[in-house]
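1. Give me a 3D structure for the following:
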Amino acid sequence: MSVLNKVEGGYLQLMRILVLALATMVLVGVVLLVVSAVGDYNAKPKAVSEAINIKASAFKLDDEHPTAGDDAAKPSAGAAKHEAALAAVINKHGKALVGASFQFDQAEVRELVTNALEDPEQGDAFLTAETAYLDQVLSRADVAKQAGTVESFYTVVNKVFSDYQQAYAEEQARISSEKDAAKMDAEGKRSGVYISLYMIAALFSAFIMLVMLIVQIRIERSIRVMSEANARA
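-> Next comes the predicted model:
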């Protein structure tokens with residue numbers, strides 16, 4: 001009988017150890033879920049860079065795009081510096097590629113500059129970047145080979161303007177899409193807090209049950225020890 005009691009006591013001791021280990025794991029899980037829930041509750045949309053950097057190396061001569069119009073519009077406030085900057089770039093490369101007699105009137109880009117300044121999606125930053133882009137594209141050797149005459153030079157310039165506007169719009173759409181995705185991700189994390197709370201409650205309930213089971217095992221072992229002591233007495 002004493003052998004059976006010892007075996008049974010050993011099983012109770014083993015069960016106590018296993019339940020204690022399981023309770024510890026559950027408690028750790030509860031703590032991790034609480035930390036995760038707090039982080040998700042305070043989640044904010046991931047920062048999305050609004051910088052638009054269109055590389056001149058992406059410009060291709062073989063694409064077909066509609067050319068810009070030649071009608072001049074009335075000058076608007078702040079347009080003069082952008083007109084002058086664009087004209088300076090066009091004149092610099094025109095003289096280098098077409099000939100020293102090449103002359104470009106900045107009034108020819110007035111409509112393009114005015115439209116960009118009036119567009120809330122473009123403005124000063126767009127024109128400044130577009131001017132730099134035009135300068136970089138016209139500096140490319142492969143482009144220079146295709147712009148040796150006045151007609152071909154203007155064709156390339158108009159195509160640069162068209163391509164840049166399209167690429168700029170695509171970059172703006174990408175940034176807007178990434179911002180929307182970041183907002184949805186943050187909202188999803190915040191809504192997931194409620195699921196985490198249910199899981200925390202369930203795991204904590206399981207932890208309490210395991211603790212009660214440990215207490216019950218200890219009581220059972222104590223009763224057996226007392227019974228064996230009384231039996232020997």
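2. Could you pull out the buried residues of stretch 105-117?
-> 106, 108-114, 116-117 (16 or more other C-beta atoms under 10 Å). (C-beta placed from N, C-alpha, C; glycine too.)
3. want to try a markdown table for those residues, with distance to Val89 and pLDDT as columns?
-> Formatted as a markdown table, the buried residues of stretch 105-117 follow (distance: C-beta to C-beta, whole Å; pLDDT from 0 to 100):
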| residue | distance to Val89 | pLDDT |
| --- | --- | --- |
| Gln106 | 11 | 80 |
| Glu108 | 13 | 83 |
| Val109 | 10 | 84 |
| Arg110 | 15 | 85 |
| Glu111 | 17 | 84 |
| Leu112 | 13 | 85 |
| Val113 | 13 | 86 |
| Thr114 | 18 | 85 |
| Ala116 | 15 | 86 |
| Leu117 | 18 | 86 |
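4. Please list the members of the residues you listed that lie in helices.
-> 110-114, 116-117 (DSSP state H).
5. Adding distance to Ala21 as columns, could you present the residues you listed in JSON lines?
-> Shown next, in JSON lines, are these (distance: C-beta to C-beta, whole Å):
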{"residue": "Arg110", "distance to Ala21": "79"}
{"residue": "Glu111", "distance to Ala21": "77"}
{"residue": "Leu112", "distance to Ala21": "73"}
{"residue": "Val113", "distance to Ala21": "73"}
{"residue": "Thr114", "distance to Ala21": "75"}
{"residue": "Ala116", "distance to Ala21": "68"}
{"residue": "Leu117", "distance to Ala21": "70"}
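6. just those residues now: which is nearest Met209?
-> Nearest to Met209 out of these is Ala116 (C-beta to C-beta; 68.6 Å).
7. pretty sure that closest one contacts Ala129?
-> No - counting by C-beta atoms under 8 Å, Ala129 is not a contact partner of Ala116; they are 10.6 Å apart.
8. What residue spans form the domains of this structure?
-> Following automatic domain parsing, one finds the domains of the chain at 2-47+191-232, 56-183.
9. looking at those, which has the lowest confidence?
-> Across the domains of the chain, domain 2-47+191-232 has the smallest mean pLDDT, namely a mean of 74.
10. State the pair within the buried residues of stretch 105-117 that is farthest apart.
-> So, the buried residues of stretch 105-117 by C-beta to C-beta: farthest apart are Glu108 and Leu117, at 16.3 Å.
11. Which positions in stretch 84-103 come out as buried?
-> Here stretch 84-103 shows 85-87, 89-90, 93-94, 97-98, 102 as buried, counting by 16+ other C-beta under 10 Å.
12. Ignore what I typed, I meant stretch 135-148.
-> Quick answer for stretch 135-148 (16+ other C-beta under 10 Å): 135-138, 143-144, 146-147.
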